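**Q** return atomic coordinates for the entry below.
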Amino acid sequence: MVFESHGTARKETAILRILGDSPEPLGARVIAHHLKEHGFELGERAVRYHLKLLDERGLTYLVSKRDGRILTDKGLAEIKSALVQDKVGFAISKIETLSFRTSFDCEKRQGLVPVNISLFPRAKFEAALKAMRPAFAGGLCTSDLVAVASEGKRLGEITVPEGKIGFATVCSIIYNGALLKAGVPMDSRFGGILQMRRHVAVRFVELIDYAGCSLDPSTIFIKARMTSVHTALDSGDGEILANFREIPLICRPVAEKTIADLGEAGFRGVVIMGGTSEPVCEMPVGLDKIGLVLFGGLNPVATAEEVGIAADNLAMSTVMDYQELVRFHEAVNDYRDLVRFWQVSK
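**A** Here you go, the predicted structure:
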């Protein structure tokens with residue numbers, strides 16, 4: 001019996017993950033491009049070789065030479081169980097990758113912005129918009145800049161599948177990326193549930209360490225129905241999605257300017273910027289460090305989940321051009337115009 005080497009297994013697991021993250025079939029060329037983000041330099045020919053092996057094992061299926069491959073049910077099961085040690089820290093890896101890919105220029109108002117993609121059932125999207133409106137109006141998000149796409153259209157690198165409406169929200173990684181470009185290193189420590197009292201952030205009541213997590217914490221908390229964003233908006237008392245970061249004390253002046261510039265560009269997701277080495281929301285802060293608490297970009301989507309409208313969330317999934325994003329109320333109007341067009345054309 002021939003056993004796979006660990007290196008080969010890791011490459012094939014990465015290919016399976018890439019296919020699993022895509023709502024559409026992928027070919028060898030596209031997979032080879034995405035493999036670079038996982039640290040693998042494989043050409044198209046090498047990718048085809050691995051895909052053939054995965055086909056033989058029943059993990060992937062060739063839809064057509066033009067469209068590419070998708071995962072089989074066996075392939076989906078394999079992703080959940082394969083090489084668990086490689087999954088540890090997967091969330092922090094995604095944060096670092098998207099931080100590097102972020103190229104937004106506050107002064108020029110152009111460049112790439114990191115986003116989360118939520119896929120709503122088309123029939124429930126109007127109700128989801130209604131549920132999400134208070135979160136955007138109340139500012140419990142990274143930004144009210146969003147994008148909407150119908151089935152077959154793309155949001156960044158994600159193609160919206162049949163029967164779905166794609167909804168892009170700005171990810172809090174915009175701060176990691178902007179500060180990185182300004183020369184400020186940011187340590188992304190936790191994603192968590194932040195308790196609000198009288199509209200004031202009090203403490204974290206749940207935490208997931210990015211460095212030891214294989215999934216995005218926000219998607220876990222949303223699916224577990226652990227948020228009460230609607231209550232936080234209505235009464236001021238509730239539990240919302242938030243993230244905890246640290247930056248070096250010496251970088252504070254640059255960080256404050258960068259955060260202010262981002263605010264003028266429509267990104268207002270900083271809840272608290274603490275003092276030197278002082279705890280923030282009951283979270284200890286390192287020596288000569290400053291703690292920052294950021295709103296979770298998926299808080300509006302959590303409000304939809306809270307009223308029973310579920311979405312497939314691809315958190316920290318891709319980047320989009322800033323010029324493709326519009327204010328939430330504009331997106332609502334554009335979507336309703338599109339619905340009227342669909343109705344007239346039937």
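**Q** and stretch 110-128, how far from the chain's centre?
**A** 11 Å (C-alpha atoms, centre = their mean, to the nearest Å).
**Q** list the buried residues for it?
**A** 111-120, 122, 124-125, 128 (16 or more other C-beta atoms under 10 Å). Where C-beta positions appear, they are placed from N, C-alpha and C, glycine not excepted.
**Q** send me that stretch as CSV with only the CA atoms.
**A** The C-alpha trace of stretch 110-128 is given here as CSV (Å, rounded to 0.1, in the frame of the first residue of the first chain):
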residue,chain,number,x,y,z
GLN,A,110,-9.5,54.1,-3.6
GLY,A,111,-8.1,50.6,-3.2
LEU,A,112,-9.1,47.2,-2.0
VAL,A,113,-11.2,46.7,1.2
PRO,A,114,-11.6,43.4,3.1
VAL,A,115,-15.2,42.2,3.2
ASN,A,116,-17.4,39.4,4.6
ILE,A,117,-19.8,37.8,2.2
SER,A,118,-23.2,36.6,3.4
LEU,A,119,-25.4,34.5,1.1
PHE,A,120,-29.2,35.0,1.8
PRO,A,121,-32.0,33.0,0.3
ARG,A,122,-33.4,35.3,-2.4
ALA,A,123,-37.0,34.9,-1.1
LYS,A,124,-35.9,36.2,2.4
PHE,A,125,-33.5,39.0,1.4
GLU,A,126,-36.1,41.8,1.6
ALA,A,127,-36.9,40.7,5.2
ALA,A,128,-33.2,40.5,6.0
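**Q** taking the buried residues of stretch 110-128 together, which two end up most distant?
**A** 111 and 124 (32.9 Å; C-beta to C-beta).
**Q** quick revisit: so of the buried residues of stretch 110-128, which ones are in helices?
**A** When the buried residues of stretch 110-128 are checked against helices (DSSP state H), the matches are 125, 128.
**Q** how about low-confidence regions in the stretch 101-250 of the chain?
**A** 214 (pLDDT under 70).
**Q** go again using 80 as the cut-off
**A** Low-confidence segments of the stretch 101-250 of the chain (pLDDT under 80): 212-215.
**Q** quick one, strands of it?
**A** Using DSSP state E, counting those that start in this stretch, the strands of the stretch 101-250 of the chain run over residues 112-121, 145-149, 154-155, 158-159, 164-170, 187-197, 200-209, 238-248.
**Q** strand partners of the first one, parallel vs antiparallel please.
**A** With DSSP bridges as the test, strand 112-121 is paired with strand 164-170 (antiparallel), strand 312-321 (antiparallel).
**Q** again, but for the third one
**A** Strand 154-155 has its sheet partners listed here by DSSP bridges as strand 158-159 (antiparallel).
**Q** tell me which element residue 31 falls in.
**A** helix 28-35 (DSSP states H and E).
**Q** other SSEs contacting that helix?
**A** helix 6-21, helix 44-56, strand 68-71 (3 or more C-beta pairs under 8 Å, 6 or more residues apart in numbering; DSSP states H and E).
**Q** nearest to residue 28, out of the ones you listed?
**A** When those are ranked by distance to residue 28, counting by C-beta to C-beta, first place goes to helix 44-56 at 4.2 Å.
**Q** that older thread, which of the buried residues of stretch 110-128 lies closest to residue 138?
**A** residue 128 (16.6 Å).
**Q** residue contacts, the spatially closest residue to the closest one that is not a sequence neighbour?
**A** Sequence neighbours aside, residue 304 is the residue nearest to residue 128 in space, at 4.3 Å (criterion: C-beta to C-beta, 6 or more residues apart in numbering). For residue 304, the contact set (C-beta atoms under 8 Å, 6 or more residues apart in numbering) comprises 120, 127-128, 131-132, 310-311.
**Q** sec struct for residue 304, please.
**A** Judged by DSSP: H, G, I helix; E, B strand; the rest coil, the three-state class of residue 304 is helix.
**Q** now do the phi/psi pair for residue 308.
**A** Residue 308 adopts backbone torsions of phi 90, psi 10, taken as degrees, to the nearest 10.
**Q** before we move on, what about residue 140?
**A** According to degrees, to the nearest 10, residue 140 has phi -90, psi 60.
**Q** just residue 106 next, same as before
**A** Taking degrees, to the nearest 10 as the convention, residue 106 sits at phi -60, psi -40.
**Q** okay then, goodbye and thanks.
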